[in-house]
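Student: here are the coordinates; sequence isn't available:
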């Protein structure tokens with residue numbers, strides 16, 4: 001889905017492609033950590049997920065979110081599907097990483113810190129895709145549909 005979004009970005013937003021490539025790389029690292037049994041020797045060979053990656057998402061969220069009204073929600077189709085996947089809202093087992101990751105943590109093992117960082121990253125990623133969808137719509141002149149309580 002990230003590749004499809006990247007390929008469909010309007011030309012003026014092409015600079016976001018490299019950011020999406022970094023996210024794909026981060027997700028491969030997280031997937032490797034989630035697929036490795038706690039305490040397994042293979043954990044020593046896995047590249048760490050730097051906590052700065054979640055901070056990078058935060059900076060992008062702030063950049064995209066500038067000048068948006070506080071209570072806007074809109075229909076951005078596939079872009080909003082992307083924000084649901086990191087939160088585990090889809091029914092596919094592979095998309096439930098944040099809900100499964102806490103059960104895989106083992107305090108005191110090398111993977112525990114990486115799994116904590118993964119959970120933080122995946123939660124920030126959901127917010128990133130929400131704000132990115134709004135940013136893309138705004139750049140294309142598409143208005144937000146305000147949420148009515």
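Tutor: Arrived safely, thanks for sending. Model, not experiment: these values are computed from the prediction.

Student: What segments of the chain are helices?
Tutor: 2-8, 16-35, 52-65, 78-87, 97-104, 110-139 (DSSP state H).

Student: Reformat these into JSON lines and put mean neighbour count, distance to residue 45 and mean pLDDT next to each item.
Tutor: (Each C-beta comes from the backbone N, C-alpha and C, glycine too.) Below are those laid out as JSON lines (neighbours: other CB atoms under 10 Å; distance: least, CB to CB, whole Å; pLDDT from 0 to 100):
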{"stretch": "helix 2-8", "mean neighbour count": "13", "distance to residue 45": "25", "mean pLDDT": "89"}
{"stretch": "helix 16-35", "mean neighbour count": "16", "distance to residue 45": "9", "mean pLDDT": "92"}
{"stretch": "helix 52-65", "mean neighbour count": "16", "distance to residue 45": "19", "mean pLDDT": "92"}
{"stretch": "helix 78-87", "mean neighbour count": "18", "distance to residue 45": "25", "mean pLDDT": "53"}
{"stretch": "helix 97-104", "mean neighbour count": "16", "distance to residue 45": "18", "mean pLDDT": "49"}
{"stretch": "helix 110-139", "mean neighbour count": "20", "distance to residue 45": "11", "mean pLDDT": "87"}
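
Student: between those, which one is nearest to residue 44?
Tutor: Nearest of those to residue 44, taken as CB to CB: helix 110-139 at 6.9 Å.

Student: and the closest one, what does it pack onto?
Tutor: Helices and strands touching helix 110-139, as assessed by 3 or more CB pairs under 8 Å, 6 or more residues apart in numbering; DSSP states H and E, comprise helix 16-35, helix 52-65, helix 78-87, helix 97-104.

Student: about what we covered before: list just the one of the helices of the chain that sits closest to residue 46.
Tutor: Of all the helices of the chain, helix 16-35 comes closest under CB to CB, at 5.3 Å.
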